[in-house]
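Novice: got a sequence here, can you model it:
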Amino acid sequence: RRRAFSLLSCFAGGVFLATCLLDLLPDYLASISMARGAVRSGLQFPLQEFILAMGFFLVLVLEQIVLAHKDQSGSLEETRALLGASVQAGTVQALHWPEEPPRPHAHSALRSFLLVASLSPH
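Specialist: Predicted structure coming up:
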């Protein structure tokens, strides 16, 4: 089951990459070039690529901020779940291990949502 899910995830990643490189990127470059031609700017700066890179970094930074905030707010709850008791005045009242280990791909739903949100304007 894990192998099938991994293969499907790889296929979905390839579809998104192909969509970006074969459809979104050429349309974007053509549109920006046409807009720059209408303005008749003599700018020698690679504006199209700069806007593209800044959009990528904006999505990356937003994702990292959300993940860091989620990790920070969940760390106290995870500590309490691992210890099984509240920590009062520096002493632990009971030791209790959780029934299931933490999931390594807990943030995949958030990442999927951000990916869909970033592709939605197209």
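Novice: please count neighbours and contacts with C-alpha atoms only from this point.
Specialist: OK.
Novice: and Q44, what element?
Specialist: Using DSSP states H and E, Q44 sits within no helix or strand.
Novice: cool, and A38?
Specialist: helix 25-39.
Novice: run through who's touching that helix.
Specialist: Defining contact as C-alpha atoms under 8 Å, 6 or more residues apart in numbering, one finds that helix 25-39 is touched by Q48.
Novice: what mean pLDDT does it get?
Specialist: Helix 25-39 carries an average pLDDT of 88.
Novice: stretch 56-70 too?
Specialist: Stretch 56-70 comes out at a mean pLDDT of 88.
Novice: have a look at this protein and report its longest helix.
Specialist: helix 47-83 (DSSP state H).
Novice: let me know the angle separating the helix holding A38 from helix 47-83.
Specialist: 130 degrees (axes from the mean of the first three to the mean of the last three C-alpha atoms, to 10 degrees).
Novice: mind listing what's buried in helix 25-39?
Specialist: Buried positions in helix 25-39, judged by neighbour count with 16 or more other C-alpha atoms under 10 Å: L25.
Novice: list the helices and strands the longest helix of the chain packs on?
Specialist: helix 25-39, helix 108-119 (3 or more C-alpha pairs under 8 Å, 6 or more residues apart in numbering; DSSP states H and E).
Novice: distance to G14 added to the ones you listed, as CSV?
Specialist: Below are these laid out as CSV (distance: least, C-alpha to C-alpha, whole Å):
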stretch, distance to G14
helix 25-39, 15
helix 108-119, 13
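Novice: for these, which one sits closest to V61?
Specialist: helix 108-119 (11.4 Å; C-alpha to C-alpha).
Novice: and the contacts of that closest one?
Specialist: V59, E63.
Novice: got the domain boundaries for this protein?
Specialist: 1-42, 45-122 (automatic domain parsing).
Novice: pull the CA atoms of stretch 23-34 into CSV?
Specialist: Extracted in CSV, the C-alpha atoms of stretch 23-34 (Å, rounded to 0.1, in the frame of the first residue of the first chain):
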residue,chain,number,x,y,z
ASP,A,23,1.8,25.1,-20.0
LEU,A,24,2.1,27.7,-17.3
LEU,A,25,5.7,28.9,-17.9
PRO,A,26,5.4,29.5,-21.7
ASP,A,27,2.1,31.3,-21.3
TYR,A,28,3.5,33.5,-18.5
LEU,A,29,6.6,34.4,-20.5
ALA,A,30,4.6,35.2,-23.6
SER,A,31,2.2,37.4,-21.6
ILE,A,32,4.9,39.3,-19.8
SER,A,33,6.9,39.8,-23.0
MET,A,34,3.8,41.2,-24.8
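Novice: that concludes my questions; thank you for your assistance.
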